[in-house]
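Trainee: Here is the input, now give the coordinates:
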Amino acid sequence: MELAFIAFRQIFMMLMLMGIGVLCAKTGLIDEAANGKLSAVLLYIITPAIIFVSFLRPLEAELVTGLMMAFGLSLLSFVIKLGVTTLIYLKNTDDNRGIEKYACIYSNAGFIGIPLIFGVFGSEGVFYLTAYLFFANFLQWTHGIMAISGQMSFSFFTRALRSPAIIASVIGFIVFFLQVDMPDLIIDPIRMLSDANAPLAMIVAGFALSKADIRKILINPNIYKVAFIRLLLLPLLVIGLFSFFNVPMIIIGTVVILTACPVAINIVMFAYQYEKNDTFATELMIFTTILSIVTIPLLLLFI
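Mentor: As a prediction, this is how the structure comes out:
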């Protein structure tokens, strides 16, 4: 119950920040071009900063063991999501099939997951979150792109390895395991950047929300189907399986919350880039973001 209350409180604060993004859009303080630039700053600078900062801690056997557990549970969660979603969409031939599969499998673990995990579990939670993000980023830039585009290319794999979150994770691993002593003159500015993650991410999400046609979203049955799979079915399956493991609550809670987050914001970028239905992709992202305000705290009552 306490974990669910903490998550609800954090999500409510994030919702208030999202409201600022809506206000900025409605008043013209932020337009499409500015929002795109803010998204790029988040993706290429602030998200890597918060990931890197999470590794700045003493090398302790408990943390190393916990990180290995987080890698194992994160990988298992993706095996479940990939397997179940493949079965659900096995005979689906709809034009939006790739977008729906992507939406079911990949959550907004970066823009929403990071500030949420930090608010619930603190920097230690973000430390374990890096394991989930490692798989999430690699798979999104490989399997995810192939699902949406319908194309297969080796370049997707090389691009995935160059993604900012992967690079920050690798550097963070090196600093953590080698216990590299870095001066405050370098670390303090990086910490300041990481502190900007939550408000900036929610402003970007709020801008997208301001452009949505809610009435159109509410009459599309496919959106409800994807929302049910992404926000309830898959997280409940993960919770059920994880209940058999003797793993610290902070690690289970981190992976469950990230699994239960709304549709990944990258779905819009990929759909637009490969000339798919980016409007539908945006609607999925927005609708699941709104619903997650209720579903995430609800799911945490079961762990």
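Trainee: which stretches of the stretch 101-250 of the chain have low pLDDT?
Mentor: The model of the stretch 101-250 of the chain has pLDDT under 70 over residues 154.
Trainee: can you give me the helices in it?
Mentor: For the stretch 101-250 of the chain, the helices defined by DSSP state H, counting those that start in this stretch occupy 114-121, 123-139, 145-149, 155-161, 164-178, 184-195, 197-210, 214-218, 221-228, 234-242, 249-260.
Trainee: Residue 30 is nearest to which of those helices?
Mentor: helix 197-210 (5.7 Å; C-beta to C-beta). Backbone N, C-alpha and C define where each C-beta goes, glycine included.
Trainee: follow-up on the earlier one: now mean neighbour count too, for the helices of the stretch 101-250 of the chain, in TSV please.
Mentor: TSV is the format used below for those (neighbours: other C-beta atoms under 10 Å):
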stretch	mean neighbour count
helix 114-121	24
helix 123-139	23
helix 145-149	21
helix 155-161	13
helix 164-178	17
helix 184-195	13
helix 197-210	23
helix 214-218	12
helix 221-228	17
helix 234-242	19
helix 249-260	24
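Trainee: Turn those helices into JSON lines, including distance to residue 281.
Mentor: Output for those, formatted as JSON lines (distance: least, C-beta to C-beta, whole Å):
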{"stretch": "helix 114-121", "distance to residue 281": "21"}
{"stretch": "helix 123-139", "distance to residue 281": "17"}
{"stretch": "helix 145-149", "distance to residue 281": "8"}
{"stretch": "helix 155-161", "distance to residue 281": "18"}
{"stretch": "helix 164-178", "distance to residue 281": "20"}
{"stretch": "helix 184-195", "distance to residue 281": "28"}
{"stretch": "helix 197-210", "distance to residue 281": "11"}
{"stretch": "helix 214-218", "distance to residue 281": "12"}
{"stretch": "helix 221-228", "distance to residue 281": "10"}
{"stretch": "helix 234-242", "distance to residue 281": "18"}
{"stretch": "helix 249-260", "distance to residue 281": "20"}
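Trainee: Got the phi and psi for residue 263?
Mentor: Dihedral pair for residue 263: phi -60, psi 140, per degrees, to the nearest 10.
Trainee: burial measure for it, as a count.
Mentor: Counted with other C-beta atoms under 10 Å, residues neighbouring residue 263 total 31.
Trainee: Quick check: bridge partners of it?
Mentor: residue 107 (DSSP bridges).
Trainee: check contacts around it.
Mentor: Counting by C-beta atoms under 8 Å, 6 or more residues apart in numbering, residue 263 touches 103, 106-108, 226, 230, 284-285, 288-289.
Trainee: Ok, residue 271 next?
Mentor: Taking C-beta under 8 Å, 6+ apart, we find residue 271 in contact with 99, 148, 277-278, 280-281.
Trainee: Check residue 299 too.
Mentor: Applying C-beta under 8 Å, 6+ apart, the residues near residue 299 are 232, 235-236, 239, 256, 260.
Trainee: ok but it is inside a strand, no?
Mentor: No: counting by DSSP: H, G, I helix; E, B strand; the rest coil, one finds residue 299 to be helix, located in no strand.
Trainee: That one and residue 3, how far apart?
Mentor: For residue 299, the distance to residue 3 equals 10 Å [C-beta to C-beta, to the nearest Å].
Trainee: likewise residue 178?
Mentor: Going from residue 178 to residue 3 by C-beta to C-beta gives 34 Å.
Trainee: Check residue 35 too.
Mentor: Residue 35 sits 33 Å away from residue 3, going by C-beta to C-beta.
Trainee: circling back: flag the least confident of the contacts of residue 271.
Mentor: Scanning the contacts of residue 271 for pLDDT, the low point is residue 278. It has 79.
Trainee: ok, it touching residue 284?
Mentor: No: the pair residue 278 / residue 284 is not scored as a contact, 10.6 Å apart, by C-beta atoms under 8 Å.
Trainee: More neighbours: which of these two?
Mentor: residue 284 (30 against 17).
Trainee: Is that one part of a helix or strand, or is it coil?
Mentor: helix.
Trainee: CA atoms only: put stretch 178-198 into PDB for me.
Mentor: The C-alpha trace of stretch 178-198 is given here as PDB (Å, rounded to 0.1, in the frame of the first residue of the first chain):
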ATOM      1  CA  LEU A 178      36.800   0.500 -11.600                       C
ATOM      2  CA  GLN A 179      35.800   3.100  -9.000                       C
ATOM      3  CA  VAL A 180      37.100   6.000 -11.000                       C
ATOM      4  CA  ASP A 181      37.500   9.000  -8.800                       C
ATOM      5  CA  MET A 182      36.100  12.000 -10.700                       C
ATOM      6  CA  PRO A 183      36.500  15.600  -9.500                       C
ATOM      7  CA  ASP A 184      33.400  17.500  -8.300                       C
ATOM      8  CA  LEU A 185      34.100  20.200 -10.900                       C
ATOM      9  CA  ILE A 186      33.000  17.600 -13.500                       C
ATOM     10  CA  ILE A 187      30.400  15.600 -11.500                       C
ATOM     11  CA  ASP A 188      28.400  18.600 -10.100                       C
ATOM     12  CA  PRO A 189      27.400  20.000 -13.500                       C
ATOM     13  CA  ILE A 190      26.300  16.500 -14.600                       C
ATOM     14  CA  ARG A 191      24.200  16.100 -11.400                       C
ATOM     15  CA  MET A 192      22.600  19.500 -12.100                       C
ATOM     16  CA  LEU A 193      21.700  18.300 -15.700                       C
ATOM     17  CA  SER A 194      20.200  15.100 -14.300                       C
ATOM     18  CA  ASP A 195      18.000  17.100 -11.900                       C
ATOM     19  CA  ALA A 196      16.300  18.700 -14.900                       C
ATOM     20  CA  ASN A 197      15.000  15.300 -16.200                       C
ATOM     21  CA  ALA A 198      11.600  15.100 -14.600                       C
END
